[in-house]
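Colleague: Next one to model:
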Amino acid sequence: MLRSIDLYDEYFNWLGSMNDIPLSREYSFEEFEMPPAFLTGVISDREVDMDGDGTFDYLEIGVEVEVLEAGNYVVDASQLRDIYYNYVNVRNSEFSYLDAGTQIVVLTLNGPTIHASGIDPSFVAQINLWDEYFNTLDFAYDVPLSREYFYTEFDAPGAHLTGIITDQGVDTDNPPDGKFDYLEIGVQIEVSEAGTYIVEADGLDEEGNFISAWGISTAYLSTGTQFVYVQLDGLPIYGRSFNPSRILSLSLYDEDYNYLGSLNDMPLSRTYLYTEFDA
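Modeller: Numbers count the residues shown, from 1 in each chain. Alright, predicted model coming up:
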């Protein structure tokens with residue numbers, strides 16, 4: 001059975017569809033060619049301390065691939081998990097030319113991200129094998145590591161969220177028109193290693209009513225306690241006609257977009273009326 005067929009014009013305007021279309025017969029998977037490469041199901045793992053400080057900079061994963069046809073392939077490891085199905089938001093992919101035979105593709109998973117999660121991983125949640133055009137050739141779920149790793153074994157991130165935020169409506173018009181152009185969120189960060197960091201804000205809430213507001217800010221931060229300010233456009237707030245009182249997610253990343261922590265469902269200093277923002 002074919003699940004769906006969709007028809008579009010040249011501008012990708014949808015013109016119609018068919019769903020659950022029966023094929024003329026049942027096809028056996030054995031009638032089709034084998035993929036040019038597949039996962040053997042074997043992985044290796046080890047911790048790596050690059051700077052000799054006694055904690056690990058990253059977790060190295062070696063993924064075994066059986067290659068029938070030499071070519072370009074992509075191996076992707078997505079998330080780690082503990083025995084309670086708590087997930088570590090870490091990922092890495094490697095694009096490689098692989099000769100025929102049994103090959104090992106090495107991926108490195110960021111240690112500070114593992115530390116920031118507070119989770120002790122025992123499994124790789126998902127491993128994918130794609131060809132150079134990102135067609136899926138094979139995948140594996142919940143692949144066990146050689147041991148349970150404790151998050152405290154890995155390097156602490158160079159910055160973390162303190163849990164303190166500020167907020168205010170900002171009118172940027174000249175002259176001011178008395179309406180807010182955006183909602184500004186100030187996020188306090190404790191920085192132990194100077195560098196470039198990214199703060200992302202996503203979603204506002206009014207007692208279960210979701211407002212799709214998003215903002216991002218990138219800043220070089222010196223050591224110490226710093227504030228990073230993120231601006232959320234006021235138009236979605238007015239357009240939804242809801243009065244936000246909470247921000248749903250604030251996330252911190254390093255300059256390579258490795259996850260370093262988040263705050264969820266944080267109360268604002270007050271409820272903002274949607275009519276306070278520009279129409």
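Colleague: residue ranges for the helices of this protein, please.
Modeller: Here the chain has its helices, by DSSP state H, at 111-117, 234-240.
Colleague: which of those sits most buried?
Modeller: Of all the helices of the chain, helix 111-117 carries the top mean neighbour count, a mean of 25, counting by mean count of other C-beta atoms under 10 Å. All C-beta atoms are positioned from the backbone trio N, CA, C, and that covers glycine.
Colleague: And that one, what does it pack against?
Modeller: The elements that helix 111-117 packs onto, with contact taken as 3 or more C-beta pairs under 8 Å, 6 or more residues apart in numbering; DSSP states H and E, are strand 58-67, strand 87-98, strand 259-267.
Colleague: thinking again about what came up before, Throw the helices of the chain into CSV and include mean pLDDT and distance to Asp51, thanks.
Modeller: Formatted as CSV, the helices of the chain follow (pLDDT from 0 to 100; distance: least, C-beta to C-beta, whole Å):
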stretch, mean pLDDT, distance to Asp51
helix 111-117, 96, 11
helix 234-240, 93, 44
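Colleague: List the contacts of the residue positioned nearest the centre of the chain.
Modeller: In the chain, the C-alpha nearest the mean C-alpha coordinate belongs to Asn89, at 6.3 Å (C-alpha atoms, centre = their mean). Listed by C-beta atoms under 8 Å, 6 or more residues apart in numbering, the contact set of Asn89 reads Gln79, Thr113, Ser117, Tyr259.
Colleague: Quick one: residues contacting the last one.
Modeller: Which is Tyr259. Tyr259 touches Asn89, Val90, Thr113, Ala116, Ser117, Ser251, Leu252, Tyr253, counting by C-beta under 8 Å, 6+ apart.
Colleague: Enumerate the beta-bridge partners assigned to it.
Modeller: Taking DSSP bridges as the rule, Tyr259 bridges to Tyr253.
Colleague: State the distance from it to Asp45.
Modeller: Distance, Tyr259 to Asp45, by C-beta to C-beta, to the nearest Å: 20 Å.
Colleague: Just give me the closest of the contacts of Tyr259 to Ser146.
Modeller: Val90 (17.3 Å; C-beta to C-beta).
Colleague: mind checking how far stretch 68-78 is from the chain centre?
Modeller: 22 Å (C-alpha atoms, centre = their mean, to the nearest Å).
Colleague: List the buried residues of that stretch.
Modeller: Tyr73, Val74, Val75, Asp76, Ala77, Ser78 (16 or more other C-beta atoms under 10 Å).
Colleague: Give me the contact list for that stretch.
Modeller: For stretch 68-78, contacts defined as C-beta under 8 Å, 6+ apart pick out 34-37, 61, 63, 65, 67, 91-100, 105, 107, 109, 124-132, 134, 137.
Colleague: Need the pLDDT of Leu68.
Modeller: In this model, Leu68 is scored at 97, pLDDT.
Colleague: Would you report the backbone torsion angles of it?
Modeller: phi -90, psi -30 (degrees, to the nearest 10).
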